[in-house]
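Trainee: build me a model from this:
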Amino acid sequence: MITVENLTKRYGSFTAVDDISFEVTPGSVVGFLGPNGAGKSTAMRMMTGLTPPTSGRSMILGRDYRALPNPARHVGVMLDAAAQHPGRTGKEVLHLIGMTIDAPKARVEQSLELVGLTPDEAKRRVRNYSLGMRQRLGLAGALMGDPQVLILDEPANGLDPQGIHWMRQLLRAYADQGGTVLLSSHLLHEVQIIADELVMIGRGKIVAQGRKEDLLGAQGTRVGSLDNERLSEAVRRAGIEFSGDRTGLLVKATPEAVGRIALEAGIVLTELHTTGSEGLEQLFLSLTAADARDAAAA
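Mentor: Residues are numbered from 1 along each chain as shown. Have a look, this model is predicted:
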């Protein structure tokens, strides 16, 4: 179980993560999505004790990560697969992890087998690994403690199509056996296949969250305005369900009803159209459009 409550991180006047809250329950895979710079990695670093939050908290298995006894035996973390000593062999990397966390020696071979690294590959220096092999080794390190929870940032980066398919099966099997998985990825098609729930952030704030089927099958109206915060309040006062934030809203009402709410509140609309059965890519693009690098440059 991962619980995030009002988690916030500020660097001076810049807010990297802005009051986010969500849960990841055992037996589920949650896709943690957002454009580059949206705050995903910062949030994950706070969850795993690497970055102190400005306010709010995160708990894993009911405790602060740093309060867990031997955390790596409970939580497998992969935030940067490239952060491995290039002069060591893959097997040496895992042996050192095992010694650090007091894992059984047999766990090295088990982890290598789990991630599909052969004995010959395990004997190679990490400097000679492809990006995909480094990803597999990073995941093997996360699995060394036989953890109950996995927190993974872009674990499929650099994998070929077969590797991506293998990764999907591995994480799905892990969750189906009661594990908890928080997965950040830009491979939206793969997330759409594997995830049970989605948490989407833009500019540090959650813009959508919920069960995948509910978000992708939502019928309603996509709306944007010159003042989305006031629009959110107006929709809330009208008692209508919605998701989204400053970048735009997905409202469970007809375009006419949403237009009337905006008119009564004196809010200028910039976007208003029906939605339904959107794919994850389209939902991602619509909810994070204002946060995208290309949109900003344009």
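
Trainee: going forward, measure contacts between C-alpha atoms and count neighbours the same way
Mentor: OK.

Trainee: so who does the residue nearest to the spatial centre of the chain touch?
Mentor: Closest to where the C-alpha atoms of the chain average out (Cα atoms, centre = their mean) is Phe32, at 2.0 Å. By Cα atoms under 8 Å, 6 or more residues apart in numbering, the contact set of Phe32 is Lys40, Leu182, Leu183, Ser184, Ser185, Leu198, Val199, Met200, Ile201.

Trainee: between those, which sits nearest Arg127?
Mentor: Closest approach to Arg127 among the contacts of Phe32 (Cα to Cα): Ser185, at 24.4 Å.

Trainee: the closest one: neighbour count?
Mentor: Residues near Ser185, counting by other Cα atoms under 10 Å, number 20.

Trainee: after the lengthiest helix in the chain comes which helix or strand?
Mentor: Looking across the chain with DSSP state H, the single longest helix is helix 161-176. Per DSSP states H and E, the first helix or strand lying C-terminal to helix 161-176 is strand 180-184.

Trainee: for the longest helix of the chain, name the packing helices and strands.
Mentor: Applying 3 or more Cα pairs under 8 Å, 6 or more residues apart in numbering; DSSP states H and E, one finds that helix 161-176 makes contact with strand 29-33, strand 180-184, helix 188-194.

Trainee: nearest to Arg63 among those would be which one?
Mentor: Arg63 sits nearest to strand 180-184 of all those, at 14.9 Å, using Cα to Cα.

Trainee: host element of Val207?
Mentor: Val207 belongs to strand 205-211, assigned by DSSP H and E.

Trainee: angle of that strand against strand 29-33?
Mentor: For strand 205-211 against strand 29-33, the angle by axes from the mean of the first three to the mean of the last three Cα atoms, to 10 degrees is 150 degrees.

Trainee: restricted to buried residues, select the contacts of Phe32 in PyMOL.
Mentor: Buried subset of those, written as a PyMOL selection, criterion 16 or more other Cα atoms under 10 Å:
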select buried, resi 40+182+183+184+185+198+199+200+201
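
Trainee: a markdown table for the contacts of Phe32, including distance to Arg236?
Mentor: Below are the contacts of Phe32 laid out as a markdown table (distance: Cα to Cα, whole Å):
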| residue | distance to Arg236 |
| --- | --- |
| Lys40 | 27 |
| Leu182 | 30 |
| Leu183 | 31 |
| Ser184 | 30 |
| Ser185 | 31 |
| Leu198 | 22 |
| Val199 | 21 |
| Met200 | 20 |
| Ile201 | 20 |
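
Trainee: among the contacts of Phe32, find the lowest-pLDDT one for me.
Mentor: In terms of pLDDT, Ser185 ranks lowest among the contacts of Phe32, with 86.
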